[in-house]
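A.B. asks: Need coordinates for the following:
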Amino acid sequence: MIIKNYEIGELQSFLFNLILKNKESRMRTRFINLLSNQLDVIQRERQQLINDYASKDNDGNIVTETRAFNNKEEEIVVFPSEEAEKHAQTQILILMNEDFIIEETADKIDMLKTVQHIVLNCDLEFTGQKAVLYDRFCEIFEDIQLLQDAEVAQ
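C.D. replies: Next comes the predicted model:
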């Protein structure tokens, strides 16, 4: 099963908000835990990229400054040059476009089959951007080959 890193948060949120019981809820929780672990990895790697390119003070801490965005003050990272900031953004973009692969192993078949069923048979209506996201989630789960092969063998 292959998911782009940038899709993980949306998929996690989608699954988290479904009302499920019993085995479906447990399998969803296991799957969400896999996604959460990957989100932690992404966050650490993103922070490392920022650390690699950001300006540092004399103590080696990342320099930030407060700027107003949409009438709201936010802390932003300062970079030594536009070039350094562009390199950081490019590397983060590459990270977010990387594939997260969930191995379709025997110990995950039950979880993957259950979550696949939940997603593909979701009895909700979607419009706009949510409909586009749902369509993408269906594509992800329809592409699980091992599950289809296991069903044929039964």
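A.B. asks: Find the helix or strand that residue 68 is a member of.
C.D. replies: For residue 68, the element it lies in under DSSP states H and E is strand 64-69.
A.B. asks: So what's the residue count around residue 9?
C.D. replies: Using other C-beta atoms under 10 Å, residue 9 has 14 neighbouring residues. In this view, the C-beta of every residue, glycine as well, is placed from N, C-alpha and C.
A.B. asks: Can you tell me, leaving aside adjacent residues, what's nearest to it?
C.D. replies: Once flanking residues are discounted, residue 9 sits nearest to residue 39: 6.5 Å by C-beta to C-beta, 6 or more residues apart in numbering.
A.B. asks: Now the helix or strand hosting that neighbour: buried residues?
C.D. replies: Residue 39 is located in helix 22-53, with elements delineated by DSSP H and E. Buried positions in helix 22-53, judged by neighbour count with 16 or more other C-beta atoms under 10 Å: 27, 28, 31, 32, 34, 35, 38, 42, 46, 49, 50, 53.
A.B. asks: what's the closest of these to residue 129?
C.D. replies: Of all the buried residues of helix 22-53, residue 35 has the smallest distance to residue 129: 19.7 Å, by C-beta to C-beta.
A.B. asks: Against the centre of the protein, work out the most remote residue.
C.D. replies: residue 58 (34.9 Å; C-alpha atoms, centre = their mean).
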